[in-house]
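A.B. asks: Provided below are the primary sequence and the corresponding predicted coordinates.
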Amino acid sequence: MAGDVIRIEKELQLLKTIILSIAQAKDFHEALDICLRQICEITGWSYGEVWLLSQDNKTIYISNIYYGKHDELKEFYDESRQMIFTRETGLPGLVWKSGQPVWVKELSSDSRFIRAPLALQFNLKSALGIPIIVDNETVSVLVFFMFDADKDDVVVDLLLTIVAELGLFFKRWYLDERLRKVNRALRVLSDSNQAIIRATDELQLFNSICKIAVDSGGYRMALVAFAEHDEHKSIKIVAYAGFNKDYIEQLKLTWADTGVEGGISSRVIRTGKPFLVTNISNDPVFSQWREAAIHAGYGSAISFPLIINDNVIGVFNMYASEPDAFDTGEEKLLEELANDLAFGILSLRKAGENKRLQAQLFQAQKMEAIGQVASGIAHDFNNMLTAVIGYANILYGKLKENEPLKYNVEQILTASEKAAGLVQNLLTFGRKQDTGLTLLDLNKTIMNISGLLQKLLGDLVVYKTGLTSGQISIMGNKTHLEQVLMNLAGNANDAMPGGGILTISTDTIDIDEQFIKAHGYGRIGRFAAISVQDTGSGMNTMTIEKIYEPFFTTKPVGKGTGLGLSVVYGIVKQHKGYIDVTSAFGKGTTFNIYLPLV
């Protein structure tokens, strides 16, 4: 009995020591590294490794190592880092598949251990693999090596118990790591969209995007490169930012299919598809530049094609310090950024063709708002939740099964998990998705927002509706269409400071060749027509020609951003519709919107 008490005290003391140490870590990888070092120092074991699962969940690769004062083991690491294991292969693969610890007491006599001959060269006699479990899934494997094959079973059992208890604590770091990645991609996407909107030339745009990726996103390096059509099919780097000068200067890239690995940029230009390198230290794509890349501090990289009119004109590459740095959600956001950048290039090259730009304006507004919420709440709130859950777990472990307080601690942990889920939902909510069109009754949509529009208008403005009878069915995004009506009503209200009438009406029309010829736009078919008419001051011809341009406004400084009608234009185009305006100075303004009928 006394032995059990002593054992429990040792477990709690060691658990507390490790938790207090990794509480200072800034991310999941650093937390694992600190845990690895703590265990090696406490047990006196010679060498330790952290193995992580690849994003596609097909392989496991080495991430962090610790060999203390045994400098001769660096060579063992250099050989090991070239290896990638699948499930069931090698000690990390065995632990990954089973989700259970594996202790190889005699490396020389265990055929499952692929690295046994290499380990024996360095007098490493035994090894222990331990899984890090989060939500019943193995997310990492810790591997330890010893010079002494006769390790005390009690020490091993104690360590296994402690690491199992750390699973709940590591869950906070694991989730926070995912939140951090999505959050940094959101920041980069939002800031980059603003840069795309403001850009006046390509080189300025490329330099801004790369700088944002490094400064706002914390990525190690970013670059933009173009596919040249010379005899060598060269790849020309036109802009870059980050820790890269020596690395960039030695790159001689080509997108010609030479039959050998030509790097990520070459592959992406030829295929037109994104390409991810999860671990630069062992991926053959980086064979020509591996040592230089590792020296520059790159652990993983991802490349996206820049596509205009179905042609790949170049690539946008991102490099991160840690291996396997880009998760699925982050990849989608960065791919979206690459697409936005390509359209930004198209807009700059074709002056006046800014159909894509309006959608980017709306997206930038939404992303900026979400980014502010994420940066202001998620980081600090998750730090607080980490402390709450960590100490609650310690308290939970000290309580006996029948103690009343144990239920209260369980409620603390449950509530904390729900709070963490809310934070993650908040971060992912702003992620740009497809337009999300659903079947809507246009008249019903307008009636539902009429109360809000009435409150928006001044007391001197009379609000009226003239909705056609029956149901008008369209495929639309309710939130976006409400934004259109809000923006138009707000502009109408500003145009009627002395009072007036705002009328929103609906109808259905047939767009035919005669309509297209008269208006200069459209396609043949049945459309819903929305008319937003005011009796305000109206606009002259020069103003009408520029109203959809970003940042154009006739309002005094500080009274408007000039983005309202740009957003309206973009939303209408997302709905495959059309918009025009008729106005005369002093005679009011009418906006007509045409959306396809179901």
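C.D. replies: Happy to help now that I have it. Numbers count the residues shown, from 1 in each chain.

A.B. asks: how much space between Asn393 and Glu30?
C.D. replies: Separation of Asn393 from Glu30 (Cβ to Cβ, to the nearest Å): 20 Å. All C-beta spots, glycine's among them, are computed from the backbone N, C-alpha and C.

A.B. asks: what does Asn408 give?
C.D. replies: 32 Å.

A.B. asks: How about Ala338?
C.D. replies: Ala338 is 29 Å from Glu30, by Cβ to Cβ.

A.B. asks: Which one's more surrounded, those two?
C.D. replies: Legend: neighbour count by other Cβ atoms under 10 Å for Ala338 and Glu30, higher for Ala338 (25 against 16).

A.B. asks: pretty sure the more buried one is touching Ile308, no?
C.D. replies: No. Counting by Cβ atoms under 8 Å, Ala338 does not reach Ile308; the two are 11.7 Å apart.

A.B. asks: Overlap in contacts, the two.
C.D. replies: By Cβ atoms under 8 Å, 6 or more residues apart in numbering, Ala338 and Ile308 have no common neighbours.

A.B. asks: how about low-confidence regions in the stretch 401-550 of the chain?
C.D. replies: For the stretch 401-550 of the chain, the stretches with pLDDT under 70 are 420-436, 548-550.

A.B. asks: One more pass at 50, please.
C.D. replies: For the stretch 401-550 of the chain, the stretches flagged by pLDDT under 50 are 425-434.

A.B. asks: Can you tell me the strand partners of the helix or strand hosting Phe226 and which way each runs?
C.D. replies: Under the criterion of DSSP states H and E, Phe226 resides in strand 221-227. Partner strands and pairing direction for strand 221-227 (DSSP bridges) are strand 235-242 (antiparallel), strand 311-320 (antiparallel).

A.B. asks: List the buried residues for that strand?
C.D. replies: Neighbour counts using 16 or more other Cβ atoms under 10 Å place 221-227 of strand 221-227 among the buried residues.

A.B. asks: same thing with stretch 492-512?
C.D. replies: Within stretch 492-512, the residues that count as buried by 16+ other Cβ under 10 Å are 492-496, 500, 502-506, 511.

A.B. asks: cool, stretch 28-42 as well?
C.D. replies: For stretch 28-42, using 16+ other Cβ under 10 Å, the buried residues are 28-40.

A.B. asks: out of those residues, which are inside helices?
C.D. replies: Among the buried residues of stretch 28-42, the members found in helices (DSSP state H) are 28-40.

A.B. asks: wait, which of the residues you listed is closest to Asn448?
C.D. replies: Phe28 (44.2 Å; Cβ to Cβ).

A.B. asks: Low-confidence stretches in the stretch 201-350 of the chain?
C.D. replies: Scanning the stretch 201-350 of the chain for pLDDT under 50 picks out nothing.

A.B. asks: all helices for it, in order.
C.D. replies: Per DSSP state H, counting those that start in this stretch, the stretch 201-350 of the chain carries helices over the ranges 202-215, 245-249, 264-271, 290-295, 328-349.

A.B. asks: circling back: could you list the residues in contact with the strand holding Phe226?
C.D. replies: 206, 209-210, 213-214, 233, 235-244, 247-248, 253, 255, 265, 269, 296, 298, 306, 312-319, 341.

A.B. asks: Of the residues you listed, keep whichever come out buried.
C.D. replies: 206, 209-210, 213-214, 233, 235, 237, 239-242, 244, 247, 253, 255, 265, 269, 296, 298, 306, 312-319, 341.

A.B. asks: Extract the CA atoms of the helix or strand hosting Asn491 and return them as PDB.
C.D. replies: Using DSSP H and E, Asn491 sits within helix 478-494. Extracted C-alpha coordinates of helix 478-494, given in PDB (Å, rounded to 0.1, in the frame of the first residue of the first chain):
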ATOM      1  CA  LYS A 478     -29.900  35.300 -48.500                       C
ATOM      2  CA  THR A 479     -27.200  37.100 -46.500                       C
ATOM      3  CA  HIS A 480     -25.600  38.500 -49.600                       C
ATOM      4  CA  LEU A 481     -28.800  39.700 -51.100                       C
ATOM      5  CA  GLU A 482     -29.700  41.400 -47.800                       C
ATOM      6  CA  GLN A 483     -26.300  43.100 -47.900                       C
ATOM      7  CA  VAL A 484     -27.200  44.400 -51.400                       C
ATOM      8  CA  LEU A 485     -30.400  45.900 -50.200                       C
ATOM      9  CA  MET A 486     -28.800  47.400 -47.100                       C
ATOM     10  CA  ASN A 487     -26.000  49.100 -49.200                       C
ATOM     11  CA  LEU A 488     -28.400  50.500 -51.800                       C
ATOM     12  CA  ALA A 489     -30.800  51.700 -49.100                       C
ATOM     13  CA  GLY A 490     -28.000  53.300 -47.200                       C
ATOM     14  CA  ASN A 491     -26.800  55.200 -50.300                       C
ATOM     15  CA  ALA A 492     -30.400  56.300 -51.000                       C
ATOM     16  CA  ASN A 493     -30.800  57.600 -47.500                       C
ATOM     17  CA  ASP A 494     -27.600  59.700 -47.800                       C
END
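
A.B. asks: on contacts alone, who are the packing partners of that helix?
C.D. replies: strand 438-441, helix 442-456, strand 500-511, strand 525-534, helix 564-574, strand 589-596 (3 or more Cβ pairs under 8 Å, 6 or more residues apart in numbering; DSSP states H and E).

A.B. asks: Good, wrapping up.
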